[in-house]
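>>> show me how the following folds:
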Amino acid sequence: GLMPALPGKSDAHYWALVEQWAVEYKSDGCTKSPDFGWCIRGCWEHDYHYRYGCTLFGDPLTFEEANTRLRQVIQMFSPLPRGLKWASHAAWMYWRFVSTAIGQHIWDAHRRANLARPVL
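Just a heads-up that it's a prediction; the model follows:
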């Protein structure tokens, strides 16, 4: 199936909800990685996607989709000029890291935990 459509950079209400969840549920943001400022929203959202296996709207996501979305969000918020955002080193570095066996292990552990998704 197609990856669910998720809000873009300009949806301030959506990103405020992501941050509200991150603070309330003590998301550690970019776990054991540098946070370059523009990455944090993507890391918070990625934490949510990993924890619940779905979007904030309840649409299911796969491991690969959650990781792709992290890369896309970091690219979206990257300080690089518009036509070069795809080349963000941080976006590809984070994507490569979460796409490893370690990322898969964390994803699988969360699926087993089957935590109840909060309604924001």
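>>> and residue 105, what element?
Residue 105 is part of helix 101-113, with elements assigned from DSSP states H and E.
>>> buried residues, that helix. List them.
103, 106-107, 110 (16 or more other Cβ atoms under 10 Å). To be clear about C-beta, it is placed using only N, CA and C from the backbone, and glycine gets the same treatment.
>>> likewise stretch 47-61?
47-53, 55-56, 61.
>>> reformat these as CSV; add secondary structure.
Converted to CSV, those look like this (DSSP: H, G, I helix; E, B strand; the rest coil):
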residue, secondary structure
47, helix
48, helix
49, helix
50, helix
51, helix
52, helix
53, coil
55, coil
56, coil
61, coil
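>>> can you name every helix or strand that whichever helix in the chain runs longest contacts?
If you go by DSSP state H, the chain has its longest helix at helix 63-77. Helix 63-77 sits against helix 40-52, helix 89-98, helix 101-113, with contacts defined as 3 or more Cβ pairs under 8 Å, 6 or more residues apart in numbering; DSSP states H and E.
>>> was I right to think residue 3 contacts residue 66?
No. Counting by Cβ atoms under 8 Å, residue 3 does not reach residue 66; the two are 9.4 Å apart.
>>> neighbour-wise, which of the two wins?
Higher neighbour count among residue 3 and residue 66: residue 66, with 23 against 15, using other Cβ atoms under 10 Å.
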